[in-house]
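Asks: I'd like to go over a predicted model; first the sequence, then the structure.
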Amino acid sequence: MIKNICCIGAGYVGGPTMAIIAQKCPHLNVTVVDVDEARIAEWNNVNLAAIPIYEPGLVTVVGEARNRNLFFSTKVDEAIDEADMIFISVNTPTKTYGLGKGMTADLKYVELCARQIAKVAKTDKIIVEKSTLPVRTASTIKSIMENSGNGVKFQILSNPEFLAEGTAVNDLLYPDRVLIGGGTDEDGRRAIQELVAIYSNWVPIEKILTTNIWSSELSKLVANAFLAQRVSSINSISELCEKTGADITEVAMAIGLDSRIGSKFLKASVGFGGSCFQKDILNLVYIAKSYGLDEVATYWEQVILMNDHQKRRFGQKIVKTLYNTVSGKKIAFLGWAFKKDTNDTRESSAIFVADALLAEQGKVVVYDPKVNENQIYTDLNYLGTRAEMANQNGLTVLQDPYDVCREAHAVAILTEWDEFKHYDWERIYHHMYKPAFIFDGRNILNKKELENIGFVYYSIGS
Ligand SMILES: NC(=O)c1ccc[n+]([C@@H]2O[C@H](COP(=O)([O-])OP(=O)(O)OC[C@H]3O[C@@H](n4cnc5c(N)ncnc54)[C@H](O)[C@@H]3O)[C@@H](O)[C@H]2O)c1
Ligand SMILES: O=c1ccn([C@@H]2O[C@H](COP(=O)(O)OP(=O)(O)O[C@H]3O[C@H](CO)[C@@H](O)[C@H](O)[C@H]3O)[C@@H](O)[C@H]2O)c(=O)[nH]1
């Protein structure tokens, strides 16, 4: 029987996932550990508004369980030692060096966790891969464990997480499915059942799918590849719509009503962002190539290429429309997060569009309701396109959306935050240079209303 759970990694997945497990399983003790002391201090902040991740509803869940059976700590060894089940939920970013650079997942943090568990464990443990990992990573973890030399028995499970940011709490409470992969021998099946028992505290049993471990690992990459493929597919058609007079919203509606296609994930946009889609597809491409499956690799690579094209062409559209120069012109950015209802900016399209406009000597001024100034400069500086000072001079962050739009030549919508729909657009129009352009990278504003005010309005795909 599982009593103590440890989760290594207090990030966007570890934090919310463990908060829900603790809320729904008051009989379990859940400790989330991280090497990042500042992040753990934020999770422990008495002011719940200061927890490091913004997700609708998360504050309530953390408020209920924290210091009851949910703990955040930097004492990694202690939590491993006490745990019966250990989730590995550390980051697995695209490798930035050496073999597989720019393609494969960097597994150094996962391996460090495995080695730390192997070193510290004195009792049998179930290790759960929660991070997204290349298929067959469990064999690496197993090999490290089997050579730990301490006689402890380990079972390795794969339990990929399918939550989307911005809807994490809801996704965790009502998942489409929970996927658990494990060994097919008796010990493996027993370990799977221990994890099934935890989820079945709130997830209907028919939604808990158990598979072999390789199917589970691979399914996570494939799910993201399929979702991202839909976005790239609709984005590719958005460009065709702009040439032909078809409207992408109408096309998406028309095809989405076919139940075989389905209506979700057909929103044309300035391109997908987030920490997962690109990383996971690159990983899939790398795995396919490593098995010599070049056609498979090329097929999936195209999803990324189309996304790069979509981001690039949004920036180019702004430059071309503003009479082929944005030099010295103020472009107001509404939104910086990679999607609404999150403060996460990883791989956000806004970063790449801003970079392209700065390269054209534009003046970018940004407002995002949840992203702070520091993060915005960090994102831009990370690209390394120009000196940090030049980014500081070219881009400004303000707290008031009306100030951001004042005396701008154009407004660009980069994130679909709901509040943007309810702004006083007439007021914004009166304080902008004319013609006043809007580039709606999320198709959230009302074209007719804006045109009536006097704006020149461009959306994606019409
Ligand atoms: N973000 C998402 O929406 C999402 C959804 C599903 C799956 N995933 C996957 O989950 C994994 C984690 O993603 P995330 O967004 O939570 O990452 P994150 O960067 O927000 O969090 C990872 C945390 O792990 C910590 N960490 C790294 N190495 C450590 C170690 N050795 N010991 C202790 N702590 C360590 C880091 O300090 C960091 O706080 C990734 O594999 C990702 O692909 C993410
Ligand atoms: O029709 C759509 C849907 C999404 N997007 C964009 O695609 C990106 C990703 O969106 P979404 O998938 O909703 O958010 P993520 O948090 O990145 O979640 C994805 O990545 C997670 C990490 O692996 C998985 O767990 C989730 O199941 C998967 O949806 C964002 O930039 C969205 O704006 C569009 O442009 N059009």
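Replies: Cool, got the structure. Numbers count the residues shown, from 1 in each chain. Ligands and ions are numbered 1, 2, ... in the order given.
Asks: which helices and strands does the helix or strand of the chain with the lowest mean pLDDT pack with?
Replies: Least confident element among the helices and strands of the chain, by mean pLDDT, DSSP states H and E: helix 137-146 (a mean of 94). Under the contact definition 3 or more C-beta pairs under 8 Å, 6 or more residues apart in numbering; DSSP states H and E, helix 137-146 sits against helix 108-120, strand 125-129, strand 154-158, helix 213-244. Bear in mind the C-beta positions are built from the backbone N, C-alpha and C, glycine included.
Asks: Give me every residue in this structure lying close to ligand 2.
Replies: For the chain, the residues found near ligand 2 under the criterion C-beta under 6 Å from any ligand atom are 132, 161-165, 224, 227, 231, 265-267, 269, 272-274, 276-277, 338-339.
Asks: any idea where the strands of the stretch 201-350 of the chain begin and end?
Replies: Counting by DSSP state E, counting those that start in this stretch, the stretch 201-350 of the chain has strands at residues 208-212, 330-334.
Asks: Give me the pLDDT value at residue 436.
Replies: Turning to residue 436, the model gives it a pLDDT of 98.
Asks: Sketch out the helices for the stretch 51-200 of the chain, chain order is fine.
Replies: For the stretch 51-200 of the chain, applying DSSP state H, counting those that start in this stretch gives helices covering 58-65, 76-82, 108-120, 137-146, 168-173, 186-199.
Asks: how about JSON lines for those, with distance to residue 31 and mean neighbour count added?
Replies: Formatted as JSON lines, the entries for the helices of the stretch 51-200 of the chain read as follows, by distance: least, C-beta to C-beta, whole Å; neighbours: other C-beta atoms under 10 Å:
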{"stretch": "helix 58-65", "distance to residue 31": "12", "mean neighbour count": "18"}
{"stretch": "helix 76-82", "distance to residue 31": "4", "mean neighbour count": "17"}
{"stretch": "helix 108-120", "distance to residue 31": "13", "mean neighbour count": "19"}
{"stretch": "helix 137-146", "distance to residue 31": "20", "mean neighbour count": "17"}
{"stretch": "helix 168-173", "distance to residue 31": "18", "mean neighbour count": "20"}
{"stretch": "helix 186-199", "distance to residue 31": "15", "mean neighbour count": "17"}
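Asks: who wins for proximity to residue 16 among the ones you listed?
Replies: When the helices of the stretch 51-200 of the chain are ranked by proximity to residue 16, the top entry is helix 168-173, at 4.5 Å, counting by C-beta to C-beta.
Asks: Helix, strand, or coil at residue 426?
Replies: The three-state assignment at residue 426 reads helix, by DSSP: H, G, I helix; E, B strand; the rest coil.
Asks: In this structure it contacts residue 452, no?
Replies: No - counting by C-beta atoms under 8 Å, residue 452 is not a contact partner of residue 426; they are 9.6 Å apart.
Asks: what about residue 389, how many neighbours?
Replies: Using other C-beta atoms under 10 Å, residue 389 is surrounded by 8 other residues.
Asks: Looking at the stretch 351-462 of the chain, which residue is nearest ligand 2?
Replies: When distances are taken as C-beta to the nearest ligand atom, the stretch 351-462 of the chain reaches nearest to ligand 2 at residue 416, 6.8 Å away.
Asks: Am I right that that residue is in a helix?
Replies: No - counting by three-state DSSP, one finds residue 416 to be coil, located in no helix.
Asks: That one against residue 341, yeah?
Replies: No - in this structure, residue 416 sits apart from residue 341 without contact. The criterion is C-beta under 8 Å, and the distance is 9.3 Å.
Asks: possible to save the strands of the stretch 201-350 of the chain as JSON lines with mean pLDDT and mean neighbour count?
Replies: Output for these, formatted as JSON lines (pLDDT from 0 to 100; neighbours: other C-beta atoms under 10 Å):
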{"stretch": "strand 208-212", "mean pLDDT": "98", "mean neighbour count": "16"}
{"stretch": "strand 330-334", "mean pLDDT": "98", "mean neighbour count": "26"}
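Asks: show me where the stretch 251-400 of the chain has helices.
Replies: Taking DSSP H, counting those that start in this stretch as the criterion, the stretch 251-400 of the chain carries its helices at 277-290, 294-321, 349-359, 373-383, 388-394.
Asks: per-residue confidence for the nearest residue to residue 95 once chain neighbours are set aside?
Replies: Taking C-beta to C-beta, 6 or more residues apart in numbering as the measure, residue 95 lies nearest to residue 106, with 4.2 Å between them; neighbours along the chain are not counted. The predicted structure scores residue 106 at 96 on the pLDDT scale.
Asks: Would you enumerate the residues in contact with residue 106?
Replies: Counting by C-beta atoms under 8 Å, 6 or more residues apart in numbering, residue 106 makes contact with 92-96.
Asks: who wins for most neighbours among these?
Replies: Tallying neighbours with other C-beta under 10 Å puts residue 92 at the head of those, with 26 neighbours.
Asks: show me the contacts for the residue lying closest to that residue once chain neighbours are set aside.
Replies: For residue 92, ignoring the flanking residues on the chain, the nearest one in space by C-beta to C-beta, 6+ apart is residue 105 at 4.5 Å. Under the criterion of C-beta under 8 Å, 6+ apart, the contact partners of residue 105 comprise 92-95, 132-134, 279, 283.
Asks: please redo it, this time with the cut-off set to 10 Å
Replies: Counting by C-beta atoms under 10 Å, 6 or more residues apart in numbering, residue 105 makes contact with 91-95, 131-134, 137, 221, 279-280, 282-283, 286-287.
Asks: likewise residue 131?
Replies: Contacts were defined as C-beta under 10 Å, 6+ apart; by that measure residue 131 touches 8-9, 11, 13-14, 87-92, 105, 107, 109-110, 113, 137, 158, 160-161, 220.
Asks: Which residue is it, in this protein, that comes closest to ligand 1?
Replies: Distances from the chain to ligand 1, computed as C-beta to the nearest ligand atom, single out residue 11 as the nearest residue at 1.9 Å.
Asks: Who are the contact partners of residue 325?
Replies: Residues in contact with residue 325 (C-beta under 10 Å, 6+ apart) are 319, 360-362.
Asks: For the closest residue in space to residue 219 that isn't next to it in sequence, name its beta-bridge partners.
Replies: If you skip the residues right next to it in sequence, residue 219 has residue 179 as its closest partner in space, 6.1 Å away by C-beta to C-beta, 6+ apart. In this structure, residue 179 has beta-bridge partners residue 209, where bridges are defined by DSSP bridges.
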